[in-house]
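Novice: Predicted model, plus sequence, below.
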Amino acid sequence: MIETHRYRRFLYAVACIGLLAALAVAAWRVHTERHARRVEIAMDAGDFLTFAHAYGYNPQAFLIALRRAGLTSLAVTEELGGNVSGSDHGVVYSGRQLLDQAQLSPISDPGFAALLRAHQVRSDWVYVEAFDRPTFDRYQRSLRRYFEPRDVAAVRTSAPYIVAAKTDLDFFDNLALGLPDDQLALTRKLHLLLIPRIQNDERYTPAAIDSVFADFMRHERVSTVIFFGLRNQVLGFPDHLPATAAAFERARVNFGTIEVYSKDQVQKGNLGLAREIPHQVVRVQAIAKLELDKLDLPTVASRYSLGARERNVRVIYLRPFQHEYQGKSIEATNVAMVAEIKAALERDGLRTGRATPFAHSRLSAVVEALAEIAALAVPAGFLLLIEFLRTGSGDPASGETLPPAVARWAVVIFVATVALMLGTLAIGHGLLGRKLAALAGGLTYGTLAFTTLADTFRGGPALRAGTALLAGVRALLTAVAVALLGALLVVGLLSHPLFMTEVEAFSGVKLLLLVIPLAALAIALYSSRFGEPLTSQSLLSPVRVWQLLAGIAIIALGALIAMRSGNQSDIGPSAFETHLRSGLTHLLVVRPRFKEFMIGWPAILAGAVLWPSHRRWLAWLLALGAGVGLGDVVDTFSHLHTALWVGALRIANGLVLGVVIGAIVIWLYRRNVTEAPAVE
């Protein structure tokens, strides 16, 4: 038989091993985040040139001013067939259009006129005239990716250059014809980094994918590749993602994954490609044109800097800002916008330049092994929680043996955990096992954190307000420290580039925010360690109106918390809350969470200060509040795309504000409630 105190020591030892492994992973992550500090500030070349032309600005002089202000990159988008005739690169006609026009009047274009005289125009072909040789060569290369060799012909190889393809205009309009050479030349001349924006075609072969990369890699300063298109797909989707990944690895450029706010905006194939090249992924943040038109310059600058600071954004994708600000011209306003973004990045310890991903290192394999070891802390913590609930009102006496059933279940739980981790790793889904372990660990240690408040909630003789407040602060710090162990487990298990760039999502956030408060409520009501437990007789007693209303309010609050959780929440903040958030961010750099400093921490402090009779009927409400705050501590670090220092500062700011608010509430309570009236 195993003595209970030895069993507990074993659990503590295993938990320490797992937590130390998680701590080592967290230390590696801090090191990695410190070395991934470069952020690109990029301008969309197409939108910029259209904007400069519309306002009569000199594009080159304008770009030089932007570069001096902090612009690092130019994003050049592949030219679509439908845009050829409206560009300076060429013109396109169908064979039928040329033949019909020739029936009405002579064709003045010498190239098309020569083809008509030689009877080389076919009605079922499309004819593209290029105004220069590089564009002609680009059109040829691009069209040969889509069509068989017999269906593409260079029908005129001297100026004016003409290439033809057997297709129709509607299909041709959606074809990507490579990056415009004049925009590439402008990028090269101004020593800007190039961000190619590439459109996928599902018929691309691996050879065609290599050809696409070869085209833009002729530019010596390629940094990050971003995909676009009506179908919203990454290159190589659906059948040739490995070929695209291999091309990325050979080119040694970044894959830009675009930050989105709803799941239907995620590019098809994004996750599959990122899994192939996790150490070449960087996050891209852009503001849509329609939304940008409604924002002022400080809001735009602060949103971009917030993304880089708090969400690991490493490519800031700009479009021209089309409004004057503070009496400046529109040109000067755009220069000021770039300068303000760069200044904000530098204040946050970031630098501008080629975007740095979370790169692979010699320690990566060691880190992966440590993450698997960290999972051992999950069953150890869960069994410690069971021990707390099992032993009831106190610690077991020395020499007490462990019941056989408890020992058997402990073995089963440990074996199941190890089997889960090794099994998912063996079948190539190791991240799934780590996600499940991280969710279980967060729930377990978040609930364990609440159990440290047993003495506070059970209470005793009423203490002086100052003494009680100090006791509450000590209890609060202890509970938060244990909850941070759960956060440490989440970090240790899921600090992988795919989670840190939010390509792979941790889907347990809502459960953390709901299950931990409910578990805290159940423990407060049924565990004798928190005072007199709820009995069956209590459950059969009549429900009072205030109890019914309180229950409805709590259910509504829980639903609101669930809908508001995550970056893609179902309910957005009100205008007042938005302004309050902005004010807190401006004041504290990192905004603390309302669920902590407005609900959780005042509830814990109140548990130590309330009069005994009040504590008896408010304990369940305080338990819920404490659970909300403790669950949010774990949730803070479950947003794995947020740098660890940001989460740590958020917790610290929340503790300070929570203690201040709790102290004010306690002072008002003790000042105005001097007696503890009996409750019927």
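Specialist: Thanks, I have it. Residues are numbered from 1 along each chain as shown.
Novice: Give me the residues contacting stretch 50-67.
Specialist: 43, 48-49, 71, 74, 186, 189-192, 320, 322, 330-331, 334-335, 338 (CB atoms under 8 Å, 6 or more residues apart in numbering). Using the backbone N, CA and C atoms, a C-beta is placed for each residue, glycine as well.
Novice: measure Leu425 to Leu432 for me?
Specialist: Here Leu425 is placed at a distance of 10 Å from Leu432 (CB to CB, to the nearest Å).
Novice: What residues does the residue nearest to the spatial centre of the chain make contact with?
Specialist: For the chain, Glu502 is the residue whose C-alpha lies nearest the centre (CA atoms, centre = their mean; 3.9 Å). Contacts here follow CB under 8 Å, 6+ apart; on that basis Glu502 touches 259, 283, 311-312, 567, 640-641.
Novice: Could you dump those into a markdown table with pLDDT, distance to Asp151 and neighbour count added?
Specialist: Output for those, formatted as a markdown table (pLDDT from 0 to 100; distance: CB to CB, whole Å; neighbours: other CB atoms under 10 Å):
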| residue | pLDDT | distance to Asp151 | neighbour count |
| --- | --- | --- | --- |
| Glu259 | 91 | 40 | 20 |
| Arg283 | 96 | 40 | 22 |
| Arg311 | 91 | 46 | 19 |
| Asn312 | 93 | 45 | 25 |
| Asn567 | 48 | 46 | 14 |
| Leu640 | 91 | 48 | 24 |
| His641 | 91 | 46 | 19 |
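Novice: Same list (the residues you listed) but as JSON lines, adding secondary structure.
Specialist: Below are the contacts of Glu502 laid out as JSON lines (DSSP: H, G, I helix; E, B strand; the rest coil):
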{"residue": "Glu259", "secondary structure": "coil"}
{"residue": "Arg283", "secondary structure": "strand"}
{"residue": "Arg311", "secondary structure": "coil"}
{"residue": "Asn312", "secondary structure": "coil"}
{"residue": "Asn567", "secondary structure": "coil"}
{"residue": "Leu640", "secondary structure": "coil"}
{"residue": "His641", "secondary structure": "coil"}
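Novice: quick one: which two of those are the most distant?
Specialist: Largest separation among those by CB to CB: Glu259 and Leu640, giving 14.1 Å.
Novice: low-confidence ranges in the chain?
Specialist: Within the chain, the set of residues satisfying pLDDT under 70 comprises 1, 392-399, 459-463, 531-579, 616, 674-680.
Novice: How is it divided into domains?
Specialist: Each domain of the chain is listed here as a residue range: 4-31+361-672, 37-78+178-352, 83-173, per automatic domain parsing.
Novice: Just give me the neighbour total for Pro160.
Specialist: For Pro160, the neighbour count with other CB atoms under 10 Å is 17.
Novice: Strands of the stretch 351-500 of the chain, start to end?
Specialist: Taking DSSP state E, counting those that start in this stretch, the strands of the stretch 351-500 of the chain run over residues 351-352.
Novice: same deal with the chain?
Specialist: 38-44, 73-77, 90-94, 126-130, 152-156, 161-165, 193-199, 224-228, 254-258, 281-286, 313-318, 351-352 (DSSP state E).
Novice: Turn those strands into CSV, including distance to Thr299.
Specialist: Converted to CSV, the strands of the chain look like this (distance: least, CB to CB, whole Å):
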stretch, distance to Thr299
strand 38-44, 17
strand 73-77, 22
strand 90-94, 40
strand 126-130, 43
strand 152-156, 49
strand 161-165, 46
strand 193-199, 24
strand 224-228, 24
strand 254-258, 20
strand 281-286, 14
strand 313-318, 14
strand 351-352, 21
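Novice: of the ones you listed, which approaches Ser507 most closely?
Specialist: Per CB to CB, nearest to Ser507 of those: strand 254-258, 17.8 Å.
Novice: Please enumerate residues in contact with the closest one?
Specialist: Looking at what lies outside strand 254-258 - CB under 8 Å, 6+ apart - the contacts are 195, 223-226, 234, 248, 265, 267, 270, 273-274, 277, 280-284, 286, 314-315, 355, 357, 501, 503.
Novice: related to what we said a few turns ago, now render the contacts of Glu502 as TSV, adding distance to Leu175.
Specialist: Converted to TSV, those look like this (distance: CB to CB, whole Å):
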residue	distance to Leu175
Glu259	28
Arg283	29
Arg311	35
Asn312	35
Asn567	35
Leu640	39
His641	35
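Novice: State the number of residues packed around Ala419.
Specialist: Neighbours of Ala419 (other CB under 10 Å): 11.
Novice: that older thread, of the contacts of Glu502, closest to Val482?
Specialist: Checking these one by one against Val482 (CB to CB), the nearest turns out to be Leu640, at 20.7 Å.
Novice: count of neighbours near Arg6?
Specialist: Neighbours around Arg6, by other CB under 10 Å: 11.
Novice: next one: Arg408
Specialist: Arg408 has 10 neighbours, counted by other CB under 10 Å.
Novice: ok so, going back, select, out of the strands of the chain, the one closest to Leu485.
Specialist: strand 281-286 (28.3 Å).
Novice: contacting residues around that closest one?
Specialist: Contacts of strand 281-286 (CB under 8 Å, 6+ apart): 224, 226, 254-259, 274, 304, 307-308, 311-319, 355-358, 497-498, 501-503, 641.
Novice: on that earlier part again, nearest to His5, of the strands of the chain?
Specialist: Closest to His5 of these, according to CB to CB: strand 281-286, at 48.4 Å.
Novice: For Asp181, see how far away the residue nearest to Thr157 when sequence neighbours are not counted is.
Specialist: When the adjacent residues along the chain are set aside, Thr157 lies closest to Phe136, with 7.9 Å between them (CB to CB, 6 or more residues apart in numbering). Distance, Phe136 to Asp181, by CB to CB: 10 Å.
Novice: try Phe171
Specialist: Taking CB to CB, one finds Phe171 at 24 Å from Asp181.
Novice: what about those two, which has more around it?
Specialist: Legend: neighbour count by other CB under 10 Å for Phe171 and Asp181, higher for Asp181 (17 against 12).
Novice: Could you count how many residues lie near the closest residue to that one other than its chain neighbours?
Specialist: Once flanking residues are discounted, Asp181 sits nearest to Pro134: 4.5 Å by CB to CB, 6+ apart. For Pro134, the count of nearby residues is 16 (other CB under 10 Å).
Novice: What of the one 10 residues further on?
Specialist: By the measure other CB under 10 Å, the count of residues near Arg144 is 16.
Novice: contacting residues around the spatially closest residue to it that is not a sequence neighbour?
Specialist: Among residues not flanking Arg144 along the chain, Val152 sits closest, at 5.3 Å (CB to CB, 6+ apart). Contacts for Val152 (CB under 8 Å, 6+ apart) come out as 140, 143-144, 163-166.
Novice: Distance to Val660 added to those residues, as JSON lines?
Specialist: Below are the contacts of Val152 laid out as JSON lines (distance: CB to CB, whole Å):
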{"residue": "Gln140", "distance to Val660": "70"}
{"residue": "Leu143", "distance to Val660": "68"}
{"residue": "Arg144", "distance to Val660": "69"}
{"residue": "Val163", "distance to Val660": "72"}
{"residue": "Ala164", "distance to Val660": "75"}
{"residue": "Ala165", "distance to Val660": "71"}
{"residue": "Lys166", "distance to Val660": "75"}
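Novice: So among those residues, which ones count as buried?
Specialist: 140, 143-144, 163-165 (16 or more other CB atoms under 10 Å).
Novice: Determine which two of those are furthest apart.
Specialist: Pairwise over the buried ones among the contacts of Val152, using CB to CB, the maximum falls at Arg144 and Ala164, 12.2 Å.
Novice: Sweet, I'm off.
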